[in-house]
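**Q** take a look and give me a structure for this.
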Amino acid sequence: MSGEIFVFGRCEVRVEQRQILLEGHPQPLEPLPFDLLVHLIRHRHQVVTKDRLLGEVWRNPHLTEAVISVAIQKVRRAIGDGSGRPRLVATVPRRGYRFVAELDGRQHAGQLDLSLVGRLESLARSDAAAALALGVRLLEHAHAAGLVAMEALVHRVLAGIHERQGASCLARLHVNEIRRLLAPAAAPWEARDDRHFLYQALDQSPDPIFIKDRAHRWVFLNRAFCRFIGHAREDLLGKSDYDFFPEAQADVFWRQDDVVLRSREESTNEEVITPSPGATWIATTTKAILVDDSQESFLIGTLRCRPALSPASSP
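**A** Numbering: from 1, shown residues only. Here you go, the predicted model:
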């Protein structure tokens, strides 16, 4: 598909032109790092392993992983992602990389390839079956690129086709999708007024409590959690376990988070936690899914902690 554009934060990636704009200024980036960035964005809902990158981007599985590390550094420089604690392209230790920035489809709706939608509208008047097939492909393209307005326009055309064919139920499905896509964007978690009472209640709990988004980033932590880990809340928000815990422990936390996020069932287990050197705790952690008013899912966890016994004090 032509006209593919990804917008996030201060950055805009124009795939067809192979161009990166940072605050409107073009950024130089070599072909392979550019292809790496686009690949990570298109597969942003998953961790992309290093083996997969070597096979699908470099098309040479025999290269060393060092070429990926160098390319990732170039990508981060081009998109303004700090190498100390990157917020756009995350390193998942011993697994690979993941693009974790939120794509902005609403604010840049004017950059759509409207000629494709125009062709769909023309085809809908002459060949409904072909228009439906093209519409499905356009929806996949618009969804992958985060082009919300384009996705809504395609749904409008498909709704009209089904309505003319007498399939009112299918037409209503497309209309409902339009309403969902064009609903006002929800404010970030920490800015929502309807969460103020929830924050206050969680802050009163003596047990450490955290809330994570689907990218495993903390979006809320109560005072007890901040005291337990020894950092201010503002230093923790937007970060992940890998920024503060030993890698082996963070691996365990992420695996258990993923189990709950996939199954959507509550889970309780014991975890070893080392919030600071020399301080090791055993935490009974209960994790569950929290769904907000906009139907977005988050992971909420509660910890009950006790000090781990050292070998000298063990009975």
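**Q** quick one, strands of the stretch 101-250 of the chain?
**A** 209-212, 218-221 (DSSP state E, counting those that start in this stretch).
**Q** can I get these in a markdown table with distance to residue 151, mean pLDDT and mean neighbour count?
**A** Bear in mind the C-beta positions are built from the backbone N, C-alpha and C, glycine included. Shown next, in a markdown table, are the strands of the stretch 101-250 of the chain (distance: least, C-beta to C-beta, whole Å; pLDDT from 0 to 100; neighbours: other C-beta atoms under 10 Å):
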| stretch | distance to residue 151 | mean pLDDT | mean neighbour count |
| --- | --- | --- | --- |
| strand 209-212 | 27 | 92 | 22 |
| strand 218-221 | 26 | 88 | 21 |
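**Q** for residue 303, phi and psi?
**A** phi -110, psi 140 (degrees, to the nearest 10).
**Q** list the contacts for it?
**A** Residues near residue 303 by C-beta atoms under 8 Å, 6 or more residues apart in numbering: 207, 208, 209, 225, 228, 273, 283, 284, 285.
**Q** which non-adjacent residue is nearest the second one?
**A** Take residue 208 and drop its neighbours on the chain: the residue closest to it by C-beta to C-beta, 6 or more residues apart in numbering is residue 225, 3.7 Å away.
**Q** state the distance from that neighbour to residue 71.
**A** Residue 225 sits at a distance of 36 Å from residue 71 (criterion: C-beta to C-beta, to the nearest Å).
**Q** sorry, back to before: what number of residues lie near the residue nearest to residue 208?
**A** 25 (other C-beta atoms under 10 Å).
**Q** thinking again about what came up before, for the strands of the stretch 101-250 of the chain, which one sits closest to residue 12?
**A** strand 218-221 (25.2 Å; C-beta to C-beta).
**Q** give the pairing partners of that closest one; include direction for each.
**A** strand 209-212 (antiparallel) (DSSP bridges).
**Q** sort out for me which of the contacts of residue 303 are in helices.
**A** 225, 228 (DSSP state H).
**Q** low-confidence stretches in the stretch 51-200 of the chain?
**A** The stretch 51-200 of the chain contains residues with pLDDT under 70 at 83-84, 105-115, 144-146, 169, 182-198.
**Q** burial count for residue 81?
**A** 20.
**Q** count of neighbours near the nearest residue to it once chain neighbours are set aside?
**A** Leaving aside its chain neighbours, residue 81 sits nearest to residue 88 (4.1 Å; criterion: C-beta to C-beta, 6+ apart). A count of nearby residues for residue 88, using other C-beta under 10 Å, gives 21.
**Q** now swap in residue 74 and tell me
**A** Neighbours of residue 74 (other C-beta under 10 Å): 18.
**Q** where does it sit: helix, strand or coil?
**A** Assigned by DSSP: H, G, I helix; E, B strand; the rest coil, the conformation of residue 74 is helix.
**Q** that one contacts residue 29, doesn't it?
**A** Yes - if you go by C-beta atoms under 8 Å, residue 74 and residue 29 touch, sitting 6.3 Å apart.
**Q** any idea how far the residue nearest to the spatial centre of the chain is from residue 120?
**A** Nearest to the mean C-alpha position of the chain, counting by C-alpha atoms, centre = their mean, stands residue 100 at 4.4 Å. Distance of residue 100 to residue 120, computed by C-beta to C-beta: 32 Å.
**Q** tell me who's in contact with residue 229.
**A** Counting by C-beta under 8 Å, 6+ apart, residue 229 has contacts 208, 221, 236, 244, 275, 276.
**Q** list the contacts for the fifth one?
**A** So the one you mean is residue 275. 228, 229, 230, 244, 245, 281.
**Q** from the residues you listed, list the buried ones, please.
**A** Buried members of the contacts of residue 275, counted by 16 or more other C-beta atoms under 10 Å: 228, 229, 244, 245, 281.
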